[in-house]
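>>> Dropping the sequence and predicted coords here.
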Amino acid sequence: MPQPKFDTVAVVGSGVIGRSWLRVFTRAGCRTRLYDKDPQQSARALAWFDEDVALDRREGLASADEAKRWRALITTHTTIADAVKGAGFVQESGPEKIELKRAIYAAMDQAAAPSTILSSSTSALDIEAIAGDLPGAKRCIMAHPCNPPHIVPVVEILANKKTTPEVTKATIDFMTEVGQKPVVLNWYVNGFLLNRIQAAVVREAFLLVESGVADAEAVDSCIKDGLALRWAFIGNFGANHLNADDGIRAYFARYADAYRSMIGDLETRAPKFDEATMAKIVRERGFGEKPEQVRAFAQWRDRMIVRLKALKAKHPQQ
Ligand code: NAD
């Protein structure tokens, strides 16, 4: 991986997302300055980092040298002002509360050098509302990751009205350099792209189980043994394109009416997300619910995704 354009970055907030950004940035060779309002959280993030890297080492996904080098790139700081010192890029990953985000952004904007890019991980808030009024609004942007960003590369980029095109371009370039896959939104929509698509699938999957059409294993099998095998390589439109020998136009010439009928049949209401449905899903999918079981499942998922990504990198789309 070539050295990214920002050799020093800061991560503000070291929870689930902030700690994963630590892995993204250090893996790319960036000196990474960490701040969390709660120093114990920073300590927990570092312990998680060490454990996660150790797991990679056991799996043959990282060398002893890399583990040492990555860890040595992280420093912890006790104020936002100190953390952003010398950083060319800051990835804010604090709590998803508008008043907190605005306060964190005001502090970052006041302390960071004028050229420093201030990027937010927010998963639902509008970057316009977070940073649009600040003196440095033009260097503020959103880079919303999919959890966990060091495993799942897509990141949604959204500018506010004052963000300069140079800042947007530099953010896209930097995210690419550190191994992420940036996708750009032209304006704010609730849920951005990722969560809107996810919400559509969640709604239908839950309603199918809630109403008893099929059990949870059958519904998930349609995803993991069906649709997602294709999606992982060619996405939705790619799947549409290959569903007819002569491509997407021919496919929808034949099937648009069927889709109109099915889409008309979809319910617009939200699922109940009630206890009875949760218990049914847990039972039918055989999920362990103890924290260590959930953790082991997540670690297995991460290892499988790393292997899938390696396969995709080895066989880029023709
Ligand atoms: P989290 O609760 O795990 O972590 C938030 C961290 O911010 C905590 O460590 C907390 O101590 C710290 N914090 C609180 N006040 C702070 C302050 N004033 N300055 C600095 N740090 C402060 O949350 P998370 O899940 O890591 O989410 C972080 C951000 O990433 C949110 O905006 C969230 O919407 C977004 N996000 C989350 C996910 C996800 O699946 N968890 C996915 C994508 C994006």
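Now that the structure is in, tell me what you want to look at.
>>> Point out the residues in the stretch 101-250 of the chain that sit beside the ligand.
Residues of the stretch 101-250 of the chain found near the ligand (CB under 6 Å from any ligand atom) are 104, 121, 122, 123, 144, 145, 147. Heads up, the C-betas are built off the backbone N, CA and C, glycines and all.
>>> so which two of those are the farthest from each other?
104 and 147 (19.7 Å; CB to CB).
>>> Looking only at neighbour counts, state which of these two leads.
Higher neighbour count among residue 104 and residue 147: residue 104, with 25 against 14, using other CB atoms under 10 Å.
>>> what residues does the host helix or strand of residue 280 touch?
Using DSSP states H and E, residue 280 sits in helix 275-285. The contact list for helix 275-285 (CB atoms under 8 Å, 6 or more residues apart in numbering) reads 206, 209, 210, 215, 216, 217, 220, 271, 287, 289.
>>> could you redo the last one with a cut-off of 7 Å?
By CB atoms under 7 Å, 6 or more residues apart in numbering, the surrounding residues in contact with helix 275-285 are 206, 209, 210, 215, 216, 217, 220, 289.
>>> For those, pick the one with the most neighbours.
When neighbours are counted by other CB under 10 Å, residue 209 leads the contacts of helix 275-285 with 22 neighbours.
>>> Would you mark the buried spots in the helix holding residue 280?
277, 280, 281, 284 (16 or more other CB atoms under 10 Å).
>>> quick one: average confidence on the helix or strand following it?
The C-terminal neighbour of helix 275-285 among helices and strands, as given by DSSP H and E, is helix 291-314. Mean pLDDT, helix 291-314: 95.
>>> So which elements touch helix 291-314?
Helices and strands touching helix 291-314, as assessed by 3 or more CB pairs under 7 Å, 6 or more residues apart in numbering; DSSP states H and E, are absent.
>>> If we use 10 Å, what do you get?
helix 39-58, helix 228-241 (3 or more CB pairs under 10 Å, 6 or more residues apart in numbering; DSSP states H and E).
>>> What residues sit buried inside the longest one?
By neighbour count on 16+ other CB under 10 Å, the buried set for helix 39-58 is 41, 42, 45, 46, 48, 49, 52, 53, 56.
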